[in-house]
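In: The following block contains a protein sequence and its predicted model.
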Amino acid sequence: METIEHRETVVDDVLAQRSIEDIKKSYPDEWIVLGNPIRRNEQEMDILSGVVLYHSPDKRELAYRDKPLLKEYKKTTHFFNRVTPRPKRAVLGSIYSTPLK
């Protein structure tokens with residue numbers, strides 16, 4: 001088993017193709033970078049499986065670090081695996097009415 005470690009980001013089994021269900025269970029509320037993603041078809045965004053290259057709760061960490069693994073893959077994709085719901089924010093708004101002429 002090959003392991004790559006960087007700060008809080010740890011990636012196990014770099015060469016293993018994993019299903020999207022397994023990936024989502026393993027990394028809740030984290031940004032995930034996949035190599036060689038397999039999709040239903042190229043026009044759709046549905047990802048079926050891929051190789052987990054990096055994962056982190058902080059998107060900036062994935063954006064600003066060296067990515068030597070990305071060079072080994074023809075296609076890559078990234079997404080945020082949201083599990084916990086977003087906190088609701090108060091929405092301020094007002095309704096303006098204009099007089100009809």
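Out: Done, it's in. Numbers count the residues shown, from 1 in each chain.
In: what bridges to the most centrally placed residue in the chain?
Out: The residue lying closest to the centre of the chain (C-alpha atoms, centre = their mean) is residue 79, at 2.3 Å. Counting by DSSP bridges, residue 79 is bridged to residue 32.
In: Might you report the residue contacts of it?
Out: 31-32, 34, 47 (C-beta atoms under 8 Å, 6 or more residues apart in numbering). Heads up, the C-betas are built off the backbone N, CA and C, glycines and all.
In: What of residue 73?
Out: 35-36, 51, 53.
In: Just the pLDDT for it.
Out: In this model, residue 73 is scored at 87, pLDDT.
In: Can you list phi and psi of it for me?
Out: phi -120, psi 140 (degrees, to the nearest 10).
In: and residue 53, how many neighbours does it have?
Out: 22 (other C-beta atoms under 10 Å).
In: where's it relative to residue 79, distance?
Out: To residue 79, residue 53 is 12 Å away according to C-beta to C-beta, to the nearest Å.
In: Could you do residue 88 as well?
Out: Taking C-beta to C-beta, one finds residue 88 at 23 Å from residue 79.
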